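A.B. asks: Just a sequence and a predicted model for now, questions to come.
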Amino acid sequence: MSEIAHVRGWEAFDSRGTPTVGCTVTLRDGSAGRAVAPSGASTGRYEAHELRDEDANRFEGRGVSRAVRNVGTELADAVRGMDAREWRAVDARLAAADGTESMERLGANAVLAVSLASCIAGAASERTPLHVHLGEGRGDLEIPLPMVNVVSGGAHASGAIDLQDVLVVPLAAGTFAEAIAWAWQVRRGTRLEAEERGMPTALVADEGGLGLPLARNEDAFEIVVSGAHRAGLEPGVDVALAVDVAANQLQDGDAYRLAVEGRALDSDELGAQVAAWCEAYPIVSVEDALSDDDWSGWTSLADRLPAHVQLLGDDLFVTNAERIRRGYESKAANAVLLKPNQAGTLARTEQALLTARDSGYRTVLSARSGDTEDPWLADLGVGWRTGQIKVGSTMRSERTAKWNRLLEIEAEVEAGGGTSRLATPFRDGTAP
Ligand code: PGA
Ligand code: ZN
C-alpha cells in the first residue's frame, strides 16, 4: 500500500525569499511526505543544476515554474506506482528520468524535492521516524556534533568580512542539548563583546550569524574567542573554532582578494595565511580555503596544516563521489561537506557519504544559506551517522528547525529508555 499515488509540485520560498521547489508525495495508503528544496548563494561550479525560469518578468528571473512543472509531469510519471519505502530505487528512477549527470534537464531542485518527499512518505507509511527509516535501526543513536555559525561574512553578509563563516565547535559537550547551549552562550558572549566595542549586532546574516564590521578577517577569530571566555568556556578545550573561507567567492582573476584588508594573495600565500590562523587560534576545521579548481593548492595546504586540523571540501567536492575519489587520490583534504541539493537525490548524497567513509574522510552534513523550515536534514545526520552537522546559527527558524529536531530526537530516545551519544570526531585531537 506504500505505492506512490500522487506527486505534486508547487513554487515555494526559501529563507532568503527566493523561489524554490516544494513537493508533496501521497501514497496509496494515504501516507504523505512533503519537502522544500534548499538553495545556496556561494555555490560550487560543479554542483547539480538548479533549474530557474530565467524569465525577467517573474522574481528577477529566479522563478522555478519550469522545475515545478517537471515535478508534476516527467518525474511524477517516473515514480508513480513505485514503493516509496524503496527510496534508493525511487532515486535511481528519478536520476534516470532526468538522464544527465548534472540533472540540468529537469533540474536538481525538482529532482531533490521529489526524492525527499517520497522518502519521507515511505517513512510515514512505515510509521517510523525518518532517521530510523534511513539508518535501518542500527544500534544506539549517534547525534552529530554541531558546528554553529557565530560571525558571518562573504556572500552571506554584504559589507562584512571576507570569511564566510566563523563557527564554534562545542567539542567537549556531553550531549547535543549541552552542545547547542554552549554554542548559544558563545554567540551571546560574542554579541556582548561586539556591542561593547561599538558594533551593531541586531541585524543578522543569511544563516543567523553576526555580520560585524571588523577591520581584519582574523578579528573574527579573536572576538569569538573573547565571546567564549565571556561565556565561561575554555577555547581549545571546551569549544573550538571552525572557518568556512568559501574561497570561490574571493577569486579575482588569478588572485584571491581579501577586500576588507585590501590584500590580494595567490594560492600559496592564502594557504600560508590560513595555516598561520590555525597556529594562532584554536581552529579545528577549515572549509574551502581555496577554490574548487585549485587541486594542487589543496594538496599543498593539506600538507602544511597542523595535524589536528580538519580540511573540509564543500565546493571542492560538491557531494560528488567522483570528485571525492579524486581528492583522496591527490591527498587534497580529509573531510567532506555533504549537501543533498549539490547531489540531486538522497541516494547520490548517500553515495558521496559512503565514498568519503571508504576514503577514511570525516563527513559534515550541511544546510544551505537559502534553506527552509524543513527538519529532515537532522534525521539524515542521525540516520546516516554523519558525525558532524552545520546548519547556521542558533536563531532564524530555518536554522532552529534542524536544531529543534535534533533536540527532539535526543529527548525522545531518553524518554523511551534508549541511549544516544553525541559524536566526538575531535576527541582524540587528530584529523583523520
Ligand atoms: P551556501 O553556503 O549555501 O551559500 O553555499 C553554505 C556553505 O558554503 O557552506
Ligand atoms: Zn561552504
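C.D. replies: That came through, no problem. Numbering: from 1, shown residues only. Ligands and ions are numbered 1, 2, ... in the order given.

A.B. asks: Is Asp268 in contact with Trp298, as I believe?
C.D. replies: No - using C-beta atoms under 8 Å, Asp268 makes no contact with Trp298, being 11.9 Å away. For every residue, glycine as well, the C-beta is placed using N, CA and C.

A.B. asks: more crowded one of the two?
C.D. replies: Trp298 (25 against 14; other C-beta atoms under 10 Å).

A.B. asks: got a list of what the residue nearest to Ser2 when sequence neighbours are not counted touches?
C.D. replies: Nearest residue to Ser2 in three dimensions, chain neighbours excluded: Ser125, at 4.0 Å (C-beta to C-beta, 6 or more residues apart in numbering). Applying C-beta atoms under 8 Å, 6 or more residues apart in numbering to Ser125 gives the contacts Met1, Ser2, Leu27, Asp29, Ser31, Ala84, Arg85.

A.B. asks: does any part of the helix or strand where Ser125 lies sit near ligand 1?
C.D. replies: Element membership of Ser125 [criterion: DSSP states H and E] is helix 108-126. No - judged by C-beta under 6 Å from any ligand atom, helix 108-126 stays clear of ligand 1, getting no closer than 13.2 Å.

A.B. asks: Follow the chain on from that helix and name the next helix or strand.
C.D. replies: The first helix or strand that comes after helix 108-126 along the chain, using DSSP H and E, is helix 130-135.

A.B. asks: got the buried residues for that following helix?
C.D. replies: Buried residues in helix 130-135, counted by 16 or more other C-beta atoms under 10 Å: Leu130, His131, Val132, His133, Leu134, Gly135.

A.B. asks: cool, stretch 69-80 as well?
C.D. replies: Asn70, Val71, Gly72, Glu74, Leu75, Ala76, Ala78, Val79.

A.B. asks: outside of that stretch, which residues touch it?
C.D. replies: Here stretch 69-80 makes contact (C-beta under 8 Å, 6+ apart) with 4-9, 21, 23, 51, 90, 93-94, 96-97, 106-107, 110-111, 113-114, 118.

A.B. asks: out of these, which are buried?
C.D. replies: Looks like the contacts of stretch 69-80 have 4-5, 7-9, 21, 23, 51, 90, 93-94, 97, 106-107, 110-111, 113-114, 118 buried, using 16+ other C-beta under 10 Å.

A.B. asks: these two touch, right, Ala89 and Met82?
C.D. replies: Yes - checked against C-beta under 8 Å, the pair Ala89 and Met82 is within contact range at 6.6 Å.

A.B. asks: With neighbour numbers in mind, choose between these two.
C.D. replies: Neighbours were counted for Ala89 and for Met82 using other C-beta under 10 Å; Met82 has more, 18 against 14.

A.B. asks: So that one sits against Leu94, correct?
C.D. replies: No - counting by C-beta under 8 Å, Leu94 is not a contact partner of Met82; they are 9.9 Å apart.

A.B. asks: give me the beta-bridge partners of Phe13?
C.D. replies: Here Phe13 sits in beta bridges with Pro19, going by DSSP bridges.

A.B. asks: give me phi/psi at the nearest residue to Val186 once chain neighbours are set aside?
C.D. replies: Nearest residue to Val186, sequence neighbours excluded (C-beta to C-beta, 6+ apart): Val168, at 4.6 Å. Dihedral angles of Val168 (phi, psi; degrees, to the nearest 10) stand at phi -110, psi 140.

A.B. asks: can you give me the angle the helix or strand where Val90 lies makes with helix 108-126?
C.D. replies: In this assignment (DSSP H and E), Val90 forms part of helix 87-98. Orientation note: helix 87-98 sits at an angle of 150 degrees relative to helix 108-126 (axes from the mean of the first three to the mean of the last three C-alpha atoms, to 10 degrees).

A.B. asks: re earlier: give me the distance from the helix holding Ser125 to the chain's centre.
C.D. replies: Counting by C-alpha atoms, centre = their mean, to the nearest Å, helix 108-126 is centred 19 Å from the centre of its parent chain.

A.B. asks: Output that helix as PDB, nothing but the C-alphas.
C.D. replies: Presented in PDB, the C-alpha positions along helix 108-126 are these (Å, rounded to 0.1, in the frame of the first residue of the first chain):
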ATOM      1  CA  ALA A 108      18.200  19.100  -9.400                       C
ATOM      2  CA  ASN A 109      15.900  21.300  -7.400                       C
ATOM      3  CA  ALA A 110      12.900  19.500  -8.800                       C
ATOM      4  CA  VAL A 111      14.500  16.000  -8.500                       C
ATOM      5  CA  LEU A 112      15.600  16.600  -4.900                       C
ATOM      6  CA  ALA A 113      12.200  17.700  -3.800                       C
ATOM      7  CA  VAL A 114      10.600  14.500  -5.100                       C
ATOM      8  CA  SER A 115      13.400  12.400  -3.800                       C
ATOM      9  CA  LEU A 116      13.000  13.800  -0.300                       C
ATOM     10  CA  ALA A 117       9.200  13.900  -0.200                       C
ATOM     11  CA  SER A 118       8.900  10.300  -1.400                       C
ATOM     12  CA  CYS A 119      11.400   9.000   1.200                       C
ATOM     13  CA  ILE A 120       9.600  11.000   3.900                       C
ATOM     14  CA  ALA A 121       6.300   9.500   2.700                       C
ATOM     15  CA  GLY A 122       7.900   6.000   2.900                       C
ATOM     16  CA  ALA A 123       8.900   6.600   6.500                       C
ATOM     17  CA  ALA A 124       5.400   7.800   7.300                       C
ATOM     18  CA  SER A 125       3.900   4.700   5.700                       C
ATOM     19  CA  GLU A 126       6.100   2.500   8.000                       C
END
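
A.B. asks: Where does pLDDT dip in this structure?
C.D. replies: By pLDDT under 70, the low-scoring segments of the chain are 137-138, 429-432.

A.B. asks: same thing but at 80, please
C.D. replies: For the chain, applying pLDDT under 80 flags the ranges 136-139, 159, 428-432.

A.B. asks: residue ranges for the strands of the stretch 51-200 of the chain, please.
C.D. replies: If DSSP state E, counting those that start in this stretch is used as the criterion, the strands of the stretch 51-200 of the chain fall at 141-143, 145-152, 165-169.

A.B. asks: what packs against the longest one?
C.D. replies: It stands for strand 145-152. strand 165-169, helix 176-196, helix 218-230, strand 387-392 (3 or more C-beta pairs under 8 Å, 6 or more residues apart in numbering; DSSP states H and E).

A.B. asks: and that strand with strand 387-392, angle?
C.D. replies: Angle of strand 145-152 versus strand 387-392, following the same axes, to 10 degrees, is 30 degrees.
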